[in-house]
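Visitor: Pasted the sequence and its predicted model underneath.
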Amino acid sequence: MNDKKSILELKNFNLYIQDKQILKEINLPFYKNKVTAIMGPSGCGKTTLIRSINRLNEGIPDIKMTGEMRLYNKDLLEMNAILVRRKIGMVFQRPNPFPTMSIADNVLAGFILNGVRLTKQEKEEIVTGSLEKTGLWDEVKDNLHRKGTFLSGGQQQRLCIARALAMKPKILLLDEPTSALDPKATERIEELVNELKSNVTIIMVTHNMGQAERISDYTVFLYLGELVEYEETATIFDSPKHSRTKDYLTRKFG
Amino acid sequence: MKLKNSLKSRLAKDVAFKIVVGVLSAMLILPLLFILFYIVKHGSASFSWGFFTQTPVQVGETGGGVSNAIIGTLMLIGTASVFAIPLGILIGIYLSENRQSKVAEFTRLCVDTLQGVPSIVMGIIAYAWIVMPMGGFSAFSGGVALAIMMLPIVTKSTEETLILVPDSLKEASLALGVPYHSTILKVVLPAGKSGIMSGILLGVARVSGETAPLLFTAFGNPFMATNLFKPVNSLPLLIFNYATSPYEDWQTLAWGASLLLVLFVLSLSILAKVMVKK
């Protein structure tokens, strides 16, 4: 496992809200251009973990984080949150395109909202490129001026992925990206994750074991805020070392 | 058989209930219709080109209009809006962004209290704070009195609208590396635009009929005045002064002004409703 190049590494990471410890001593390297799935029963801290990587938890009152999150050689927790978020994209459980913006503007949202001026040609390149990467181009190319909310749920989610990709992130975080979608749209997103990993490192939270098995290279199993097991996906599904992992994977709990 | 009977009586009760509800609703609409009818009947006679373009004339002369009151009212509303809209929206943003904090809780209480303060008190406050130090009645002081009345309406509607904007949109923006202030200005506010606009319209509608706070601030003026720091006339003041006068010409003007004011407020309310539906 150590021959792979890690892009992000959590070292002794702890997270407390008020006096409750949500994440305990997490040590976890994420490898470049791989898909890592984070699994575990509800309330184990999966979403909290992925949100802290994007520094989105900071609005919560009385939150405290200790330890390190090394992005290349810098501690992500010490960096400016805005810069972190420009390097690390995030896609949420429910598709959330900006309802006031057109499809094209949704893709460009990261530039528009940050006040970056683009030439017409740059805009076209980014819109076309990002939509092509998410396989949405052929479906929406005639409707680029329409509102993002005009699309179906699955298309909206791919639009959100395109929006994140437009910023050329190093890492893409997916927080249960298919939990609000139908099986067909889910399949499309899974294919997409596979296609994307040659360019971007993907960390995803999922409740769906089949999904983790199908598309991830590594799997993390969290339980009550502790990292129980972290292995190559094939290994963890074939022969889990810990009984808790095994029980979860065989659906004895969770 | 028994079941059939009970069904019949239920249906009868259902019909009776529907009739009662219908009649009561109609009774609620009737006063409004009567008022509108009465005002239209008395006021429409004075609607003419001169009514909108001329200033009032001396007793004994015929004709004259209320152009000075229309301009005055617009000046007062304009002044009130300049203060109340930006401040109200900012406070509304603060309240919706800090739902739990103690300061927000206290602010919310203050806004509610402010909404309940009688309008005449707003007038006397503006009199003490602005008219006295500046040494005279003015459109500006009237505008400030109206602004204090408008502020809680704009604040409340902004807060209530922004609370409904889903957090997921804010997070989508933050996750793109957009700073907090741009997220509020470029994502949250546009998403709540129609609700905020309708709150502003309702606020304007609310203050445009106010008379009490203007009695000792804008004061009234029989001539055309466009100076913000001089007394101006306004439609409600004109109605108050002319309707109670013994001259029939003036009373007719007061009816015309009433009709104009009602139409203005009515169209603002309808516009506000239409904006929320969109």
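Guide: Yep, it's here. Numbering: from 1, shown residues only, chains lettered A, B, ... in the order given.

Visitor: Would you check that my belief about residue A:150 contacting residue A:140 is correct?
Guide: No - at 9.1 Å, residue A:150 does not count as touching residue A:140 under the criterion of CB atoms under 8 Å. Placement of C-beta: from N, CA and C, glycine included.

Visitor: Could you chop chain B up by domain?
Guide: Residue ranges for the domains of chain B, per automatic domain parsing: B:2-46, B:52-277.

Visitor: Tell me which of those sits most buried.
Guide: Of all the domains of chain B, domain B:52-277 carries the top mean neighbour count, a mean of 19, counting by mean count of other CB atoms under 10 Å in any protein chain shown.

Visitor: Quick one: mean pLDDT for that one?
Guide: On average, the pLDDT along domain B:52-277 is 93.

Visitor: Please identify which of residue A:150 and residue A:140 sits among more neighbours.
Guide: The neighbour comparison of residue A:150 against residue A:140 (other CB atoms under 10 Å in any protein chain shown) goes to residue A:140, with 21 against 14.

Visitor: mind listing what the residue of chain B found nearest chain A touches?
Guide: Residue of chain B nearest chain A, by CB to the nearest CB: residue B:177 (3.5 Å). Residues near residue B:177 by CB atoms under 8 Å, 6 or more residues apart in numbering or on different chains: A:82, A:83, A:84, A:85, A:86, A:110, A:114, A:167.

Visitor: Count residues in the vicinity of residue A:34, would you?
Guide: Residue A:34: 19 surrounding residues under other CB under 10 Å.

Visitor: meant to ask about residue A:166, not that
Guide: Residue A:166 has 22 nearby residues by other CB under 10 Å.

Visitor: which SS class is residue A:8?
Guide: Following DSSP: H, G, I helix; E, B strand; the rest coil, residue A:8 is assigned to strand.

Visitor: And stretch A:8-20, what's buried?
Guide: Residues of stretch A:8-20 classed as buried by neighbour count (16 or more other CB atoms under 10 Å in any protein chain shown): A:8, A:9, A:10, A:13, A:15.

Visitor: just stretch A:149-167 next, same as before
Guide: Quick answer for stretch A:149-167 (16+ other CB under 10 Å): A:149, A:151, A:154-167.

Visitor: Identify the residue spatially nearest to the residue in the stretch 51-200 of chain A that chain B sits nearest to, adjacent ones excluded.
Guide: Here the stretch 51-200 of chain A gets closest to chain B at one residue, residue A:86, 3.5 Å apart by CB to the nearest CB. Leaving aside its sequence neighbours, residue A:86 sits nearest to residue B:177 (CB to CB, 6 or more residues apart in numbering or on different chains; 3.5 Å).

Visitor: Spell out which parts of the stretch 51-200 of chain A neighbour chain B.
Guide: A:54, A:56, A:61, A:82-86, A:89-90, A:92, A:94, A:96-100, A:109-110, A:112-115, A:160, A:163-164, A:167 (CB under 8 Å from any CB of the partner chain).

Visitor: isn't residue A:146 right up against residue A:104?
Guide: No - if you go by CB under 8 Å, residue A:146 and residue A:104 don't touch, sitting 9.3 Å apart.

Visitor: quick one: which of the two has more around it?
Guide: Applying other CB under 10 Å to residue A:146 and residue A:104 shows that residue A:104 carries more neighbours, namely 20 against 13.

Visitor: wait, what's in contact with residue B:250?
Guide: By CB under 8 Å, 6+ apart, the residues touching residue B:250 are B:56, B:59, B:242, B:243.

Visitor: Switch the residues you listed over to TSV; also include distance to chain A.
Guide: Shown next, in TSV, are these (distance: CB to the nearest CB, whole Å):
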residue	distance to chain A
B:56	47
B:59	56
B:242	47
B:243	47
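
Visitor: Report the two of those separated the most.
Guide: Between any two of those, the greatest separation by CB to CB is 14.9 Å, found for B:59 and B:243.

Visitor: All the strands of chain A, in order from the start?
Guide: A:6-17, A:20-31, A:35-39, A:63-71, A:74-75, A:88-91, A:171-175, A:201-205, A:218-223, A:226-232 (DSSP state E).

Visitor: Now find how far off-centre the first one is within its chain.
Guide: Spelled out, that is strand A:6-17. Mean-position distance between strand A:6-17 and its chain equals 16 Å (CA atoms, centre = their mean, to the nearest Å).

Visitor: by contact count, what packs against that strand?
Guide: Packing partners of strand A:6-17 (3 or more CB pairs under 8 Å, 6 or more residues apart in numbering or on different chains; DSSP states H and E): strand A:20-31, helix A:46-53, strand A:63-71, strand A:201-205.

Visitor: before we move on, the earlier item: Throw the strands of chain A into JSON lines and include mean pLDDT, thanks.
Guide: Formatted as JSON lines, the strands of chain A follow (pLDDT from 0 to 100):
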{"stretch": "strand A:6-17", "mean pLDDT": "92"}
{"stretch": "strand A:20-31", "mean pLDDT": "93"}
{"stretch": "strand A:35-39", "mean pLDDT": "95"}
{"stretch": "strand A:63-71", "mean pLDDT": "91"}
{"stretch": "strand A:74-75", "mean pLDDT": "89"}
{"stretch": "strand A:88-91", "mean pLDDT": "94"}
{"stretch": "strand A:171-175", "mean pLDDT": "95"}
{"stretch": "strand A:201-205", "mean pLDDT": "95"}
{"stretch": "strand A:218-223", "mean pLDDT": "93"}
{"stretch": "strand A:226-232", "mean pLDDT": "92"}
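
Visitor: Show me what from the stretch 101-250 of chain B comes close to chain A.
Guide: By the rule CB under 8 Å from any CB, the part of the stretch 101-250 of chain B lying against chain A is B:166, B:168-169, B:171-179, B:182-183, B:186-187, B:190-191, B:193.

Visitor: what about 6 Å?
Guide: Where the stretch 101-250 of chain B comes near chain A, counting by CB under 6 Å from any CB of the partner chain, the residues are B:168, B:169, B:172, B:173, B:175, B:176, B:177, B:178, B:179, B:182, B:186, B:190.

Visitor: quick check: longest helix of chain B.
Guide: In chain B, assigned by DSSP state H, the helix with the most residues is helix B:2-43.

Visitor: Determine the next helix or strand in the C-terminal direction from that one.
Guide: helix B:49-53 (DSSP states H and E).

Visitor: Would you mark the buried spots in the helix or strand bottoming out on mean pLDDT in chain A?
Guide: Lowest on mean pLDDT, DSSP states H and E among the helices and strands of chain A sits helix A:243-249, with a mean of 86. Neighbour counts over helix A:243-249 (16+ other CB under 10 Å) mark A:244, A:245, A:248, A:249 as buried.

Visitor: Identify, from those residues, the entry nearest to residue B:143.
Guide: Of all those, residue B:143 sits closest to residue A:248, with 66.6 Å by CB to CB.
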